[in-house]
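>>> predicted model, plus sequence, below.
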Number of protein chains: 2
Amino acid sequence: MQEFREWGHKLIDWVADYLDSPETHPVLSRLQPNDIIKALPTQGPEQGEPMERIFADFERVILPGITHWNHPNFLAYFANSSSPPAILAELLAAALNANGFLWKVSPAVTELEAVTLGWLRDWFGLPADWFGLILDTASTSTLHALAAARVMVAPETRDDGAPQGLIVYCSDQAHSSVEKGAMSLGFGRKQVRLIPSDSEFRMIPEALAAAIAKDRAASLKPCCVVATVGSTSTTSIDPVQAIADITERENIWLHIDAAYAGSAAIVPEYRWLLDGCERADSLVFNPHKWLMVPVDCSVFYCRNKAVLRQAFSLIPEYLETSDTGVNLMDYGMPLGRRFRALKLWFVLRYYGHAGLAQIIREQIAMTRTLQDLIAADPRFEICAPGGLSVVCFRLRDTDETNRRLLESINAAGEFFISHTVLNGRYVLRIAVGNMKTSAETLKSLWEAIRLFESLVVKD
Amino acid sequence: MQEFREWGHKLIDWVADYLDSPETHPVLSRLQPNDIIKALPTQGPEQGEPMERIFADFERVILPGITHWNHPNFLAYFANSSSPPAILAELLAAALNANGFLWKVSPAVTELEAVTLGWLRDWFGLPADWFGLILDTASTSTLHALAAARVMVAPETRDDGAPQGLIVYCSDQAHSSVEKGAMSLGFGRKQVRLIPSDSEFRMIPEALAAAIAKDRAASLKPCCVVATVGSTSTTSIDPVQAIADITERENIWLHIDAAYAGSAAIVPEYRWLLDGCERADSLVFNPHKWLMVPVDCSVFYCRNKAVLRQAFSLIPEYLETSDTGVNLMDYGMPLGRRFRALKLWFVLRYYGHAGLAQIIREQIAMTRTLQDLIAADPRFEICAPGGLSVVCFRLRDTDETNRRLLESINAAGEFFISHTVLNGRYVLRIAVGNMKTSAETLKSLWEAIRLFESLVVKD
């Protein structure tokens, strides 16, 4: 254990130095495909190697292959960052190595999930009797919602198999995980209705109602509607109240994808983001997206615990227990369960509700300032209302010029931003969510954009 | 960052002390259901709290709620333990917080998976062109196998939806994740055929062939056979060669569940465990079960990368890339991807092939010694051949007496063992897999068993 102690201290100092100045690394890895594969032996070592050599290779080979999510200039996708207390909690979780598939194989794993998800449910103002569960990613959480919805609408699924013709609805701005979930579960892609969205990228409830009516007329079986609170491209918010009016009337499962924007609803003045969501059947939000928790940590809430159990419970003899603890394996697909609640608990306590709200509030404010700067420049146009921590914009020029602008910015190596397509046009996309990103960072980015604009347009 | 540094050093020392003497904690948590929930506030803190207080609560409230998987006397389920180099790698992974859904968002995440899974494939002697992917648990890996099998047999699943009547086969000793996967994916439980096993708990190939013939005759569609290499109850090994003869002839997907025993196949004299598996379509094994890697780390190999892609690939515009790197999101359900390969790489290098093989070899040898001791005592009977790191045995007495024996042993707090049911009888089950467990541990356990036997039988 002496060796662990020595290396542990070395690595803590290494991590502290790294988190102090992630900006000394290029934000986007400069490697080419297969560089790392080529740099490492094709066969594993026959004899053990000293930590010295392993860590030297970590720095020499692995580190250049990292795109630095901790870098303040990482502004692509949803730019989540980790946080110091969460990293310490992950160290403890790896050491304990508790695998909480049953209550008794570590009561703390099960019950700390219940406690932390209860705190968050309370901050969100969601119903106190909703059941919560931590999964790895939002794709998995949404898959759970679709599977539960199917068992509610077609209980024969569990024993006889899923009937055909079950239909899933989401907007044309919904995350690809909805379609992927439906595809993986055997609904089929053609059974996913992409409902048109309005000029602000929000699902049109009348179009949803019409699609459901059409499917019912064709003897198909509407099964699940997924409403998005904070879409991936533009952070648009579907009109959940109007959608819930429809799903309640039609007796269809309503799942809310708040994977990204859910976190913002802990800010009192953004609580409205979840308006109507208390009427839903399930909701996903990812603390690893915007709540300073490292990947992976996706929270899945479900109103009806019994349906979830009906969809997923199967207890073989070797997992039978005599205690009355809740066994989380009965409510989801995976059996093994890492102690993910520990990092969430550390973060919620270390920053507190007010502290987390302040971080998110400031990130929204600095994003708005950047958006105003871009909007004021006649060479550019803002392509979506925004309002949270993402700006969608483009040069008033061809798609090709915009694509070259993005590529120039990223190739220069100082910033990393991403893109999307809106109304058929190529759009640049800046996402703020990293604890190190400041108003200063965004000012420099805006300078860089204008510089590259002049170069790209001149070409 | 000063605070992180200070607390990081404190926690490294705490972890080192903990790993030095996990046996100072009771192996099985003594808490009652809801003890932790009651010990913590029902509302999250409004203001942030000092690390001091959070860590004090960790020790005061959480630690008593941990069942210590690191304890040498944890001998239940599959008694995996973590290892020092893996814990250090998890610290680094949490700090980097790389989320490898695309190659470019951290090439190292994608390519180190390819490198480490290549090393293991080579140690196993599996075909060099098999594609590998790290998922969270074996349940998820087997779910991927079933989904891929369905797309192979019924390619219309992707677009039109899964047809009914697709059949899955496994033995009556297969892990519950096969049935659960089939249930979740919409096959339906009745479409899972539990093929009888022989006196040594191995699937009977003739019964499999007969079941397939019967289903074909009924116009059903055989889809996937899951063969188990190391079953959960008894570590029995299905006759993979004979099963592969059938699946090849019938053109059915063959998936191998080697979640536990796969690790042993890196030991040269146990390489035979995977005989015939090179003929399979997919295979799962869990380094977090018997390869000194903390949970979660499940390896899923697949012969046909294209089918996996057909089952799971969907690329929205905001995730389009121009590079030629492999994007792992195209081959599985989850989009987000934690840097799990880092801990695997640290472990494979630190211990080396020979070092890991030696650990497993010794665990098998000490388990055999224990089994011989039990077999030599006329009051007990051995209930399965064993041969790896699990012993199944019972008192030559009623189920009730055996149940009381188990409960007495676990209630005493020194050891934690589990149970199963074989041929309708309650059986005690001891599993060795923890790095701290020694021949001495098992000798003490045997003494404890005999002591409790005299108490239970006297009662």
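Received it, and whenever you're ready, just let me know what you need. Numbering: from 1, shown residues only, chains lettered A, B, ... in the order given.

>>> C-alpha only now, for contacts and for neighbours.
Fine.

>>> which residue ranges of the stretch 301-450 of chain A form strands?
A:380-382, A:390-395, A:416-422, A:425-431 (DSSP state E, counting those that start in this stretch).

>>> ok, A:Arg303 - contacts?
A:Asp129, A:Trp130, A:Phe131, A:Ala280, A:Asp281, A:Ser282 (CA atoms under 8 Å, 6 or more residues apart in numbering or on different chains).

>>> ok, and the most crowded of the residues you listed?
Most neighbours among the contacts of A:Arg303, by other CA atoms under 10 Å in any protein chain shown: A:Ser282, with 28 neighbours.

>>> in contact with that residue, which residues?
Contacts of A:Ser282 (CA under 8 Å, 6+ apart): A:Ala145, A:Leu254, A:His255, A:Ile256, A:Phe300, A:Tyr301, A:Cys302, A:Arg303.

>>> any chance of a markdown table for the contacts of A:Arg303, columns pLDDT, secondary structure and distance to A:Gly336?
Output for those, formatted as a markdown table (pLDDT from 0 to 100; DSSP: H, G, I helix; E, B strand; the rest coil; distance: CA to CA, whole Å):
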| residue | pLDDT | secondary structure | distance to A:Gly336 |
| --- | --- | --- | --- |
| A:Asp129 | 95 | coil | 25 |
| A:Trp130 | 97 | coil | 23 |
| A:Phe131 | 97 | strand | 19 |
| A:Ala280 | 98 | coil | 28 |
| A:Asp281 | 98 | coil | 25 |
| A:Ser282 | 98 | strand | 22 |
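
>>> for stretch A:227-246, what does the pLDDT average out to?
Averaged across stretch A:227-246, pLDDT comes to 98.

>>> report the buried residues of that stretch.
By neighbour count with 16 or more other CA atoms under 10 Å in any protein chain shown, stretch A:227-246 contains the buried residues A:227-241, A:243-244, A:246.

>>> just the ones of those residues in strands?
Of the positions in the buried residues of stretch A:227-246, A:Ala227, A:Thr228 sit in strands, assigned by DSSP state E.

>>> which regions of chain A sit below the pLDDT cut-off?
Where chain A drops to pLDDT under 70, the residues are A:458-459.

>>> helices along that one, start to end?
In chain A, the helices defined using DSSP state H lie at A:2-20, A:35-39, A:51-57, A:84-96, A:107-124, A:138-153, A:176-185, A:205-217, A:240-250, A:287-290, A:305-312, A:341-375, A:399-412, A:439-458.

>>> quick revisit: export the strands of the stretch 301-450 of chain A to a markdown table and tack on mean neighbour count and distance to A:Arg349?
Output for those, formatted as a markdown table (neighbours: other CA atoms under 10 Å in any protein chain shown; distance: least, CA to CA, whole Å):
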| stretch | mean neighbour count | distance to A:Arg349 |
| --- | --- | --- |
| strand A:380-382 | 18 | 38 |
| strand A:390-395 | 25 | 27 |
| strand A:416-422 | 22 | 31 |
| strand A:425-431 | 22 | 26 |
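
>>> those: which one's closest to chain B?
Taking CA to the nearest CA, strand A:416-422 is the member of these nearest to chain B, at 4.4 Å.

>>> the closest one pairs with which strands?
Take DSSP bridges as the rule and strand A:416-422 pairs in its sheet with strand A:74-75 (parallel), strand A:425-431 (antiparallel).

>>> quick check: the gap between A:Gly132 and chain B.
Remark: distance between A:Gly132 and chain B (CA to the nearest CA, to the nearest Å) = 14 Å.

>>> separation between A:Glu90 and chain B?
7 Å.

>>> so which of the contacts of A:Arg303 comes closest to chain B?
Nearest to chain B among the contacts of A:Arg303, with distances taken as CA to the nearest CA, is A:Asp129, at 13.1 Å.

>>> that closest one: what's it in contact with?
The contact partners of A:Asp129, by CA under 8 Å, 6+ apart, come to A:Arg303.

>>> minimum distance to B:Pro107: which of the strands paired with strand A:416-422 has it?
Taking CA to CA, strand A:74-75 is the member of the strands paired with strand A:416-422 nearest to B:Pro107, at 15.4 Å.

>>> so what's the residue count around A:Glu49?
A:Glu49, neighbours per other CA under 10 Å, totals 16.

>>> isn't it up against B:Gly355?
No. The criterion here is CA atoms under 8 Å, and A:Glu49 misses it with B:Gly355 at 10.1 Å.

>>> domain map for chain A?
A:1-28+A:67-96+A:352-459, A:99-338 (automatic domain parsing).

>>> so which bits of the stretch 301-450 of chain A are right by chain B?
Proximity of the stretch 301-450 of chain A to chain B, by CA under 8 Å from any CA of the partner chain, involves residues A:311-318, A:323-326, A:333-338, A:346, A:348-355, A:418-421.

>>> write the PyMOL selection for whichever of those residues are buried.
Buried members of these, defined by 16+ other CA under 10 Å, are picked up in PyMOL with:
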select buried, chain A and resi 311+312+313+314+318+325+326+333+334+335+336+337+338+346+348+349+350+351+352+353+354+355+418+419+420+421
